[in-house]
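Participant: Coordinates for the following, if possible.
(one chain, ligands or ions: 1)
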Amino acid sequence: HIHDNSQEASFYVANEIAELIRQRQKQGKNVVLGLATGSTPTKMYDFLVKFHKEEGLSFKNVITFNLDEYYPMEPDSIHSYVRFMNEHLFDHIDIKKSNVHIPDGTLDKEDVREFCEAYEKKIKEAGGIDIQVLGIGRTGHVGFNEPGSSINSKTRMVRLDRVTRLDAASDFFGLENVPSKAITMGVGTIMSAKRIVLMAWGEGKSDIIRQAVEGEIRESVPATFLQHHNNCDFILDHAAASSL
Ligand code: GLP
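Facilitator: So this is what the prediction gives:
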């Protein structure tokens, strides 16, 4: 879906999510959302907050699982994805805190594997992800599934690609401050979602979008695996779509 600008595109995605939430509310059922961080989804979150404040959209039946978190990372750090999600969404809506799940960057190393297995189990017990929101990194990563991630990978600790760390360097005031690891849902976890919406804006994303949509499916560009999903849309502005 190619939109005139990221504002309209973000509205489109927020609207789809809001519709599903309302529909499930009528049925007395929950909605499970897979959520992403980064600059790309912020406008979409702004719209969800607006729908809550101005139209009374409730998030009481919403369960969320975030894709990833840097490791190690304290939740109150300005770089943490916990803080990001609170600031952009959770602090402004009526979601139950117990329904929010974000990979834990404070774990001891030896506890990470168990945490990741439990994360997968919680997603399954919640009924699976109804809509997975994604951005895309310059390396073609989704979540923090860097080149080399297998299609069946599950939630785990990963080493970040140098390109990804370079892209994050200005936020962290220098490459040396960017963590070298992260905990991320796997490609397999993402592929199990019933629906996937990947958003991308700006010319800087146009080359990786072309590779993801039109390129050969391969581990060196993990986003190409999405071509195998039967309900995945790329939501783009004109600039991100300019190389297609
Ligand atoms: C980080 C996140 C990804 C995100 C990517 C792109 O690496 N872990 O989930 O998609 O950044 O970020 P941005 O949306 O700021 O371009």
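
Participant: what about Leu177, neighbour count?
Facilitator: Not Leu; residue 177 is Asn. Asn177 has 12 neighbouring residues, counting by other CB atoms under 10 Å. In this view, the C-beta of every residue, glycine as well, is placed from N, C-alpha and C.

Participant: wait, Gly38
Facilitator: Gly38 has 17 nearby residues by other CB under 10 Å.

Participant: Distance-wise, check the residue positioned nearest the centre of the chain relative to the ligand.
Facilitator: With distances taken as CA atoms, centre = their mean, Ala36 lies nearest the centre of the chain, 2.2 Å away. Counting by CB to the nearest ligand atom, to the nearest Å, the gap from Ala36 to the ligand is 5 Å.

Participant: Quick check: that residue vs Gly28, distance?
Facilitator: According to CB to CB, to the nearest Å, Ala36 and Gly28 sit 28 Å apart.

Participant: now do Phe234
Facilitator: In terms of CB to CB, Phe234 sits 33 Å off from Gly28.

Participant: ok so, going back, wait, isn't the residue nearest to the centre of the chain in contact with Gly135?
Facilitator: Yes - Ala36 is within contact range of Gly135, at 5.1 Å (criterion: CB atoms under 8 Å).

Participant: rewinding a little: quick one, what contacts the residue nearest to the centre of the chain?
Facilitator: Asn66, Leu67, Val133, Leu134, Gly135, Gly143 (CB atoms under 8 Å, 6 or more residues apart in numbering).

Participant: same check, this time on Phe47
Facilitator: Phe47 touches Ser10, Phe11, Ala14, Asn15, counting by CB under 8 Å, 6+ apart.

Participant: Now it: which helix or strand?
Facilitator: With secondary structure defined by DSSP states H and E, Phe47 is part of helix 42-55.

Participant: which parts of that helix are buried?
Facilitator: Lys43, Met44, Tyr45, Asp46, Phe47, Leu48, Val49, Phe51, His52 (16 or more other CB atoms under 10 Å).

Participant: any idea which of those is the one closest to Ala212?
Facilitator: Ala212 lies nearest to Met44 out of the buried residues of helix 42-55, by CB to CB, at 19.1 Å.

Participant: Which secondary structure element is home to the residue nearest to the closest one when sequence neighbours are not counted?
Facilitator: With CB to CB, 6 or more residues apart in numbering as the criterion, Met44 has its nearest non-adjacent residue at 4.1 Å, and that residue is Ser10. Applying DSSP H and E as the criterion places Ser10 in helix 6-26.

Participant: Now the element after that helix, going C-ward?
Facilitator: Following helix 6-26 in sequence, per DSSP H and E, is strand 31-35.

Participant: any residues touching that following strand, and which ones?
Facilitator: Against strand 31-35 from outside (CB under 8 Å, 6+ apart): 17, 20-21, 24, 41, 61-67, 85, 89, 123, 126-133, 185, 190, 193.

Participant: do the same with stretch 210-219
Facilitator: For stretch 210-219, using CB under 8 Å, 6+ apart, the contacting residues are 136, 140, 147-151, 198, 221, 223-228, 234, 243-244.

Participant: Now the buried members of the residues you listed.
Facilitator: Ile136, Gly140, Pro147, Ser149, Ile151, Leu198, Val221, Ala223, Thr224, Phe225, Leu226, Phe234.

Participant: ok, now which ones touch the third one?
Facilitator: It refers to Pro147. Taking CB under 8 Å, 6+ apart as the test, what Pro147 contacts is Thr139, Gly140, His141, Asp161, Glu219, Ser220, Val221, Pro222.

Participant: per-residue pLDDT, the last one?
Facilitator: Read it as Pro222. On the pLDDT scale, Pro222 is placed at 97.
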